[in-house]
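Colleague: Have a look; sequence and predicted model below, questions after that.
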Amino acid sequence: MFDTLSDRLSGIFGKLRGKGKLTDADIDATAREIRLALLEADVALPVVKAFIASLRERARGAEVSQALNPAQQIIKIVNEELIQVLGGEGRRLQFAKQPPTVIMLAGLQGSGKTTLAGKLSRWLKNQGHQPLLVACDLQRPNAVNQLQVLAQRAGVDVYAPQPGNGVGDPVQVARDSIEHAKRTAKDIVIVDTAGRLGIDAEMMQQAADIRAAVDPDEVIFVIDAMVGQDAVRTAEAFRDGVGITGVVLSKLDGDARGGAALSVRHVTGQPILFASTGEKLEDFDVFHPDRMAGRILDMGDLLTLIEQAEQAFDEDQKEKMTNKLLGGEQFTLEDFLDQLIAVRRMGPIANIIGMMPGMGQLKGQLDELDDSHFDRVTAIIRSMTPGERTNPKIINGSRRLRIANGSGVTVMDVNQLLNRFTDAQKMMKQMSGMMGLPGGRRSAT
Ligand code: GDP
């Protein structure tokens, strides 16, 4: 899924990796390449234009965090713009105040409507609802049967035309199904409608008539992600002809280029509610714009790291780090303590190390840095004089004893801390370089 786009983006970010600072020329070149990558992924032109305009503006603006290096700054912006294009916070399914909630499914033939009906009913049932599937696709010969098979697998009931009652009239079947749902205490009605191979006036009219008959709480347009932007144009036609309240992306497991997923929200103005990722009933989930963006960028761990680095290192600390730790000035025990506090704010140390390529071997060394250890280290450093913190070399035997007594630990603990301080000095340099703190770059140039 989205492999080509992911590869293209990671290649573009890779070129920024060695840079110490983003120039306007860098931003222009990057924006051009991202524009091309999006167009190649079949993203609709208005979406691409809006995306790139926003990217340029943000990359040039002052909002860019100083805690990140240029590649990370661009990745962060691209990630946030992708989330925005995919729908921001996302939206959940709307339920009727007075049951039954009516969900109508619309879309072209083969888009995955009937399959979605089964998936949605199973998903709702697992959440404690009592869904009823309604077979209004009376055009495709096997559609009713297919729905019945899916319903059986999902463990839900189907309402289909009864002999002599509504055969051939999907609008009447839909209308009757609501009464049937009330009689049988179903709280959700999922209406599967007929699709055609292309946009067709008669099909639109039928869908509009069904909509008028059942007054649905949601009209969900099912869009085959593999068809790309073309499918988005169909969604637009349905929006205008029938009215839709949301979209489901199907076949995201296939070789989708990303065009449909990235265009549909912007083009139709309607949110993506769910994503279908296979033929089985369980290959289905609520759509999360942030997770999808993460998958497109294919660098989930790095994004987490960027977020955490930003939270942990505020401006003051950054300045201090840059000047003291990496600018050639002496790294003191005071800085060590600040660093520990900052690193600790990033969450369990083992997790952070796990996210850094090649840092696995350091994990064992850091496992000891749990809460109690941290408190002890803090106490020891606070028992030192400012002179000792600035220049630990002066801490001789008698000073060690005094510090140990002052902080309620043994001399061995003090020795251990001082040894670890020396190790940490090296490690912090490594870590800050890997996290791309500006100072790390600066020291390399
Ligand atoms: P409908 O005509 O819109 O009702 O489409 P169907 O539900 O019959 O789906 C058409 C074909 O696509 C069927 O062979 C489904 O098994 C398949 N299909 C549906 N959803 C997905 C999906 O998310 N992934 C994959 N790989 N196939 C799907």
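Modeller: In hand now; what should we look at?
Colleague: Please tell me the pLDDT value assigned to H180.
Modeller: Looking at H180, its pLDDT reads 95.
Colleague: what number of residues lie near it?
Modeller: For H180, the neighbour count with other C-beta atoms under 10 Å is 17. C-beta here means a position set from N, CA and C on the backbone, and glycine is covered the same way.
Colleague: how about R420, secondary structure?
Modeller: helix (DSSP: H, G, I helix; E, B strand; the rest coil).
Colleague: in the helix or strand where S121 lies, what counts as buried?
Modeller: Assigned by DSSP states H and E, S121 belongs to helix 113-126. By 16 or more other C-beta atoms under 10 Å, the buried positions in helix 113-126 come out as K113, T114, T115, L116, A117, G118, K119, L120, S121, R122, W123, L124.
Colleague: The first one and G195 touch, don't they?
Modeller: Right, the one you point to is K113. Yes: applying C-beta atoms under 8 Å, one finds K113 in contact with G195, separated by 6.1 Å.
Colleague: residues bridging contact with those two, i.e. touching both?
Modeller: Jointly contacting K113 and G195 under the rule C-beta atoms under 8 Å, 6 or more residues apart in numbering are A106, G107, D137.
Colleague: For R60, give me its contacts.
Modeller: Contacts of R60 (C-beta under 8 Å, 6+ apart): D24, I27.
Colleague: how about a cut-off of 10 Å?
Modeller: L22, D24, I27, D28, A31 (C-beta atoms under 10 Å, 6 or more residues apart in numbering).
Colleague: Domain map for the chain?
Modeller: Annotated domains of the chain cover 3-89, 101-287, 313-444 [automatic domain parsing].
Colleague: near the ligand, which residues of this structure?
Modeller: Contact residues (C-beta under 6 Å from any ligand atom) of the chain with the ligand: 107, 109-115, 195, 250-251, 253-254, 276-279, 283.
Colleague: where does the stretch 251-400 of the chain have low pLDDT?
Modeller: Within the stretch 251-400 of the chain, the segments meeting pLDDT under 70 span 299-331, 339-340, 342-372.
Colleague: Helices along that one, start to end?
Modeller: For the stretch 251-400 of the chain, the helices defined by DSSP state H, counting those that start in this stretch cover 259-268, 289-297, 300-312, 315-320, 333-345, 349-355, 363-367, 371-382, 386-390, 397-407.
Colleague: Quick check: T378 vs R60, distance?
Modeller: 41 Å (C-beta to C-beta, to the nearest Å).
Colleague: and what of L22?
Modeller: 8 Å.
Colleague: swap in V149?
Modeller: Distance of V149 to R60, given as C-beta to C-beta: 56 Å.
Colleague: before we move on, what about Q98?
Modeller: Distance from Q98 to R60, counting by C-beta to C-beta: 52 Å.
Colleague: likewise Q270?
Modeller: Taking C-beta to C-beta, one finds Q270 at 32 Å from R60.
Colleague: now do L45
Modeller: 23 Å.
Colleague: just V409 next, same as before
Modeller: 52 Å.
Colleague: do the same with T114
Modeller: On the measure of C-beta to C-beta, T114 and R60 end up 49 Å apart.
Colleague: cool, L68 as well?
Modeller: Separation of L68 from R60 (C-beta to C-beta): 15 Å.
Colleague: One more: K251?
Modeller: Distance of K251 to R60, given as C-beta to C-beta: 38 Å.
Colleague: Give me the local confidence score for L138.
Modeller: Model confidence at L138 (pLDDT) stands at 83.
Colleague: So it sits against V173, correct?
Modeller: Yes: checked against C-beta atoms under 10 Å, the pair L138 and V173 is within contact range at 7.4 Å.
Colleague: Pick out whichever of the two has more residues nearby.
Modeller: Taking neighbours as other C-beta under 10 Å, L138 and V173 compare with V173 leading, 26 against 19.
Colleague: three-state assignment of the more buried one?
Modeller: helix.
Colleague: how close does it sit to G241?
Modeller: Taking C-beta to C-beta, one finds V173 at 21 Å from G241.
Colleague: Below-threshold pLDDT in the stretch 51-200 of the chain: ranges please.
Modeller: Using pLDDT under 70, the flagged stretches of the stretch 51-200 of the chain are 62-67, 162-167.
Colleague: Strands of that one, residue ranges please.
Modeller: 101-106, 131-136, 157-159, 188-193 (DSSP state E, counting those that start in this stretch).
Colleague: In its sheet, which strands sit next to the second one, and in what direction?
Modeller: I take that to be strand 131-136. strand 157-159 (parallel), strand 188-193 (parallel) (DSSP bridges).
Colleague: which of these sits most buried?
Modeller: strand 188-193 (a mean of 28; mean count of other C-beta atoms under 10 Å).
Colleague: element containing V222?
Modeller: Here V222 is assigned to strand 218-224, by DSSP H and E.
Colleague: between that strand and helix 113-126, how big is the angle?
Modeller: Strand 218-224 and helix 113-126 are oriented at 130 degrees to each other (axes from the mean of the first three to the mean of the last three C-alpha atoms, to 10 degrees).
Colleague: distance between strand 218-224 and the chain's centre?
Modeller: Centroid displacement of strand 218-224 relative to its chain, using C-alpha atoms, centre = their mean, to the nearest Å, is 21 Å.
Colleague: Stretch 185-203 too?
Modeller: In this view, stretch 185-203 has its centroid 30 Å away from the chain centroid, taken as C-alpha atoms, centre = their mean.
Colleague: isn't R420 right up against F374?
Modeller: No: using C-beta under 10 Å, R420 is not in contact with F374, being 11.9 Å away.
Colleague: ok now do T184, which residues does it touch?
Modeller: Neighbouring residues of T184 by C-beta under 10 Å, 6+ apart: P100, Q130, L132, D157, Y159.
Colleague: That's all I had, so thanks and see you.
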